[in-house]
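Student: Need coordinates for the following:
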Amino acid sequence: MIIRPHKPEDVTTLFQLFFDTVHNVNIQDYTQEQVKAWAPENFDINRWQNRTKDYCIFVAEDDSDIVGFAELEQNGHIDCFYVHHKKQGLGIGHKLMSKLEQKAKSLELDEIYAEVSITARPFFERKGFKVMQKQTVSLRGQRLTNYKMSKPLSN
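Tutor: Below is the predicted model:
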């Protein structure tokens, strides 16, 4: 498995991985309506392509298959962080997080932070993140609980 920068042609696969992960994994902690609001079926390729311009995106690739991806903004915010629903627990998330931390340190950031789902909270805690705040966010008419979490970086 390799971790590489994303390519523009990855965008459709990244969306599908995001959609499948939310609908197959996060459904254990959120209602069907919440999951549909979080990851709707209507794929807007332009919106996803525009997102990729603003983030440093790393892709986990195994035998030419994309099995995970993570996005880091210049200010240390981790936006998307997803591992394929059939590939969780294999160290892919660990490798992606290590790459994000390496990139954040190269940007001379003091910390990284994210809004983390109920489902992902244990993973982020194992990686040294601490809950700063429990929050409820509104998304397409649904209210979802998540956690603002951060991790200090030592250079």
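
Student: Against which helices or strands is the helix or strand harbouring residue 67 packed?
Tutor: Secondary-structure assignment from DSSP states H and E places residue 67 in strand 65-72. Of the remaining helices and strands, those touching strand 65-72 by 3 or more CB pairs under 8 Å, 6 or more residues apart in numbering; DSSP states H and E are helix 11-24, strand 56-62, strand 77-83, helix 92-106. C-beta: built from backbone N, CA, C; applies to glycine.

Student: repeat that for 6 Å
Tutor: Packing contacts for strand 65-72, counted by 3 or more CB pairs under 6 Å, 6 or more residues apart in numbering; DSSP states H and E, involve strand 56-62, strand 77-83, helix 92-106.

Student: Give the pairing partners of the next helix or strand after the longest one; include direction for each.
Tutor: Read that as helix 92-106. Sequence-wise, the next helix or strand downstream of helix 92-106 (DSSP H and E) is strand 111-117. Within its sheet, strand 111-117 is paired with strand 77-83 (parallel), strand 142-152 (antiparallel), according to DSSP bridges.

Student: Mind listing what's buried along strand 111-117?
Tutor: For strand 111-117, the neighbour count (16 or more other CB atoms under 10 Å) marks 112, 113, 114, 115, 116, 117 as buried.

Student: can you list the residues that contact the worst-scoring helix or strand of the chain on mean pLDDT?
Tutor: Ranked by mean pLDDT, DSSP states H and E, the weakest helix or strand in the chain is helix 45-54, scoring a mean of 74. By CB atoms under 6 Å, 6 or more residues apart in numbering, the surrounding residues in contact with helix 45-54 are 11, 15.

Student: residues contacting residue 59?
Tutor: Listed by CB under 6 Å, 6+ apart, the contact set of residue 59 reads 4, 6, 10, 66, 69.

Student: top of those residues by neighbour count?
Tutor: residue 69 (24 neighbours; other CB atoms under 10 Å).

Student: Please convert the helices and strands packed on strand 65-72 to JSON lines, extending it with mean pLDDT and distance to residue 17.
Tutor: Shown next, in JSON lines, are the helices and strands packed on strand 65-72 (pLDDT from 0 to 100; distance: least, CB to CB, whole Å):
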{"stretch": "strand 56-62", "mean pLDDT": "96", "distance to residue 17": "9"}
{"stretch": "strand 77-83", "mean pLDDT": "96", "distance to residue 17": "6"}
{"stretch": "helix 92-106", "mean pLDDT": "97", "distance to residue 17": "11"}
